[in-house]
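Trainee: Here is a sequence with its predicted model. Questions after.
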Amino acid sequence: MSKSTAIVLVHGFWGGAAHWAKVITELSKRGYTSLHAVEMPLTSLADDAERVRKMVRQQEGPVVLVGHSYGGAVLSEAGDLPNVAGLVYVAAFAPDAGESPGGITQEDPPVAAPNLAPDSDGYLWVKPDKFHESFCQDLTADEALVMAVTQKAPMASTFGDAVTAPAWKVKPTWYQISSRDNMIAPTNQARMSARMNARKVITLDASHASLASHPVEICDLIEEAVATV
């Protein structure tokens, strides 16, 4: 496939499309011109999946979907459209049918689980003073501060929304594991990536925010997916 293949980047909880900033600039330097970072409401899996479907349907040719964190659950729900050629999971949830991100988390709680706090409106936050150590301990203090202050909190109920028919069972997949992830247990990532029979699985010595701390390696994986599919 050519570098005109559309790459659609799907963010996770506690961050918006701008979390892909370093990946976007690196892909652009490599000559990719059809780059899209969808902004999801994080109000429900159904809402978020539909937003991604709309973005995918806007593309005239093949699409490689890339999802970080909860974005992987959205890929699993929305990634079965005909023009989706491949799925790349970046330290991401990959639920099976009937599974939810919350259920997977409870099976193997991550280090930072105690640092999540709901507010009175039903949104779930990473405690700002715990954000650096929880989400992105391999980024600078300044980068962590910006992420903490600008974090996009999901509706807590979204954690319990289950995937219906996972696209990773019918589409080619790639997966990146973060070995120092405090938000999704690395053991959970290894289990999810193993059962999807991914074309390639890489492990990085990275935090949950591998898309920001290791953009070159993430782009290498995306580029391999684009070339392969």
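Mentor: Received it, and whenever you're ready, just let me know what you need.

Trainee: now the helices for this structure?
Mentor: 21-29, 45-57, 71-78, 101-107, 131-135, 141-149, 186-195, 210-213, 215-228 (DSSP state H).

Trainee: Specify the beta-bridge partners of the residue nearest the centre of the chain.
Mentor: The residue lying closest to the centre of the chain (CA atoms, centre = their mean) is His68, at 1.2 Å. Per DSSP bridges, the residues bridged to His68 are Val90.

Trainee: Where does the prediction get shaky in the chain?
Mentor: Filtered on pLDDT under 70, the chain yields the residue ranges 1-2.

Trainee: now do 90
Mentor: For the chain, the stretches with pLDDT under 90 are 1-4, 229.

Trainee: Give me the distance between Met192 and Trp125.
Mentor: Distance of Met192 to Trp125, computed by CB to CB, to the nearest Å: 25 Å. In this view, the C-beta of every residue, glycine as well, is placed from N, C-alpha and C.

Trainee: and those two? which has more neighbours close in?
Mentor: Between Met192 and Trp125, counted using other CB atoms under 10 Å, Met192 has the larger neighbour count: 24 against 20.

Trainee: quick one: the more buried one from Ala198, how far?
Mentor: In terms of CB to CB, Met192 sits 9 Å off from Ala198.

Trainee: what residues are shared contacts of those two?
Mentor: Tyr89, Tyr175 (CB atoms under 8 Å, 6 or more residues apart in numbering).

Trainee: sorry, back to before: for the helices of the chain, which one sits closest to Val88?
Mentor: Among the helices of the chain, helix 215-228 comes nearest to Val88, with 5.1 Å by CB to CB.

Trainee: What lies in contact with that closest one?
Mentor: Contact partners of helix 215-228, identified using CB under 8 Å, 6+ apart, comprise 1, 3, 5, 7, 22-23, 25-27, 30, 32, 64, 66, 86, 88, 90, 172, 174, 176, 199-200, 202, 204, 210-211.

Trainee: could you redo the last one with a cut-off of 6 Å?
Mentor: Helix 215-228 has contacts (CB atoms under 6 Å, 6 or more residues apart in numbering) with 1, 5, 22-23, 26-27, 64, 66, 86, 88, 90, 174, 176, 204, 211.

Trainee: picking up where we left off before, may I have the residues that are in contact with the residue nearest to the centre of the chain?
Mentor: Gly12, Val90, Ala92, Leu211.

Trainee: Against the centre of the chain, work out the most remote residue.
Mentor: Largest centre distance within the chain, by CA atoms, centre = their mean: Ser120, 26.5 Å.

Trainee: ok, back up a step: in TSV, list the helices of the chain along with distance to Asp161.
Mentor: Below are the helices of the chain laid out as TSV (distance: least, CB to CB, whole Å):
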stretch	distance to Asp161
helix 21-29	26
helix 45-57	4
helix 71-78	8
helix 101-107	8
helix 131-135	21
helix 141-149	24
helix 186-195	17
helix 210-213	23
helix 215-228	26
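
Trainee: highest average neighbour count across the ones you listed?
Mentor: Sort the helices of the chain by mean neighbour count, taking mean count of other CB atoms under 10 Å, and helix 71-78 sits at the top with a mean of 30.

Trainee: Using PDB, list the CA coordinates for that one.
Mentor: As requested, the backbone C-alpha atoms of helix 71-78 are provided in PDB (Å, rounded to 0.1, in the frame of the first residue of the first chain):
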ATOM      1  CA  GLY A  71      -9.000   3.400  21.800                       C
ATOM      2  CA  GLY A  72      -8.200  -0.200  21.300                       C
ATOM      3  CA  ALA A  73     -11.700  -1.100  22.500                       C
ATOM      4  CA  VAL A  74     -13.100   1.400  20.000                       C
ATOM      5  CA  LEU A  75     -11.000  -0.200  17.200                       C
ATOM      6  CA  SER A  76     -12.400  -3.600  18.300                       C
ATOM      7  CA  GLU A  77     -16.000  -2.300  18.100                       C
ATOM      8  CA  ALA A  78     -15.700  -0.100  15.000                       C
END
